[in-house]
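Trainee: Sequence first, then the predicted structure, then my questions.
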Amino acid sequence: MIQFDEEHLEAIERQRHSASGAAKQRRWMALLGPHPGDRVVDVGCGTGPFSRLVAERVAPDGHVVGVDVAPEAIDLANQLADGTDRGLLSFDVADAASLSFDDATFDGAVCISVLDFCEEPEAALLELHRVLRPGGRLVVASSDQDTRVYYSHDRELGRRVMQAIADRAHDPWIARRLTHLLAVTGFHQLDEVVVTDVEHEFRPGGAGYVLAHGFRDHLVTRPEIGEESYEAWLADLDSCERQGCAFYSVTTYGYLAQR
């Protein structure tokens, strides 16, 4: 599985500021619908981009706490939130399956692109159910990893790379069973949103470009890929950009649920 070290976390931060990443965050925000005074937990917050946005919505009397299992993520989240009122926003290291909060602490919860990498996703959802107040709202979203595709001239290499990227997740297909997981953990599903990112460029700042480079450490250590094949794949993507046929896409499934 992929290692969420500082370099990869910085790549994720850049990806979430891409046009497609920002568009998805707007969709998740619309689903969550936070209000001033709400208390919200962002589980698997990474470097905290969504936590920072929610904090703006719950001001002046609310509070957002972002938690992540990776200390490196929390360190970066604190750095990026420098200057933010810590009465409004805080970060802490925590496992999604074992949260330290009391029962019924939060009005809202967010779990974006997290359950794919959890060994116990059901346990994580049970914890989210526990820390939400009755009637509290949860937004959970995951990409179907087998829908993450790039166009490349070398189809055989492209297929190998796509499978290796998908298999970095503990469960690359968890998006296909989120409805079931929400039901068995006691949530009532209110809404479903399907978001398909499509980019026709392979340039710095685009989600596909950022992720392709961010996957490097994972791909070069995979025996079926290795450094030579990875560099050949990147060169192929650059060639597609020059020829005007670049393409990147992934489909993400988001749900609004209620305790």
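Mentor: That came through fine. Numbering: from 1, shown residues only.

Trainee: Show me where the stretch 51-200 of the chain has its helices.
Mentor: Using DSSP state H, counting those that start in this stretch, the helices of the stretch 51-200 of the chain run over 71-80, 121-131, 155-166, 178-184.

Trainee: ok, and for the shortest one, which residues are buried?
Mentor: Neighbour-count burial for helix 178-184, counted by 16 or more other CB atoms under 10 Å, picks out L178, L181, L182. For glycine as for every other residue, the C-beta is placed from the backbone atoms N, C-alpha and C.

Trainee: Double-check the first one against V139; I have them as touching.
Mentor: No - counting by CB atoms under 8 Å, V139 is not a contact partner of L178; they are 11.3 Å apart.

Trainee: which neighbours do these two share?
Mentor: The contact sets of L178 and V139 overlap at Y255 (CB atoms under 8 Å, 6 or more residues apart in numbering).

Trainee: circling back: right, and out of the buried residues of helix 178-184, which lies closest to Y230?
Mentor: Closest approach to Y230 among the buried residues of helix 178-184 (CB to CB): L178, at 30.8 Å.

Trainee: mind listing what's buried in stretch 183-191?
Mentor: T185, F187.

Trainee: just stretch 54-70 next, same as before
Mentor: By 16+ other CB under 10 Å, the buried positions in stretch 54-70 come out as 54-55, 57-59, 62-70.

Trainee: contacts for it?
Mentor: With contact meaning CB under 8 Å, 6+ apart, stretch 54-70 is reached by 4, 9, 29, 32, 34-46, 48, 51, 74, 77, 84-85, 87-96, 99, 108, 110.

Trainee: Write the PyMOL selection for whichever of the residues you listed are buried.
Mentor: Buried subset of those, written as a PyMOL selection, criterion 16+ other CB under 10 Å:
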select buried, resi 4+9+29+32+34+38+39+40+41+42+43+44+45+46+48+51+74+77+84+88+89+90+91+94+95+96+99+108+110
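
Trainee: can you give me the strands for the stretch 151-259 of the chain?
Mentor: For the stretch 151-259 of the chain, applying DSSP state E, counting those that start in this stretch gives strands covering 188-199, 248-258.

Trainee: Please identify the deepest-packed of the ones you listed.
Mentor: Most buried of those by mean neighbour count (mean count of other CB atoms under 10 Å) is strand 248-258; its value is a mean of 21.

Trainee: mind saving the C-alpha coords of it as PDB?
Mentor: In PDB, the C-alpha atoms belonging to strand 248-258 read as follows (Å, rounded to 0.1, in the frame of the first residue of the first chain):
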ATOM      1  CA  TYR A 248      -7.400  11.800 -17.200                       C
ATOM      2  CA  SER A 249     -10.600  10.800 -15.500                       C
ATOM      3  CA  VAL A 250     -11.800   9.300 -12.200                       C
ATOM      4  CA  THR A 251     -15.300   8.700 -10.800                       C
ATOM      5  CA  THR A 252     -16.100   9.500  -7.100                       C
ATOM      6  CA  TYR A 253     -19.200   8.500  -5.200                       C
ATOM      7  CA  GLY A 254     -20.300  10.700  -2.400                       C
ATOM      8  CA  TYR A 255     -23.100  10.200   0.200                       C
ATOM      9  CA  LEU A 256     -24.900  12.300   2.700                       C
ATOM     10  CA  ALA A 257     -26.100  10.200   5.600                       C
ATOM     11  CA  GLN A 258     -27.700  10.900   9.000                       C
END
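
Trainee: What strands line up against that strand, and which way round?
Mentor: Strand pairing for strand 248-258, determined by DSSP bridges: strand 132-143 (antiparallel), strand 149-150 (antiparallel), strand 188-199 (antiparallel).

Trainee: tilt between it and helix 155-166?
Mentor: If you take axes from the mean of the first three to the mean of the last three CA atoms, to 10 degrees, strand 248-258 sits at 30 degrees to helix 155-166.

Trainee: now strand 248-258: mean pLDDT?
Mentor: Strand 248-258 shows a mean pLDDT of 98 in the predicted model.

Trainee: burial measure for P49, as a count.
Mentor: Applying other CB atoms under 10 Å, we find 24 residues neighbouring P49.

Trainee: Contacts only, for D103.
Mentor: Contacts of D103 (CB under 8 Å, 6+ apart): R130, V131.
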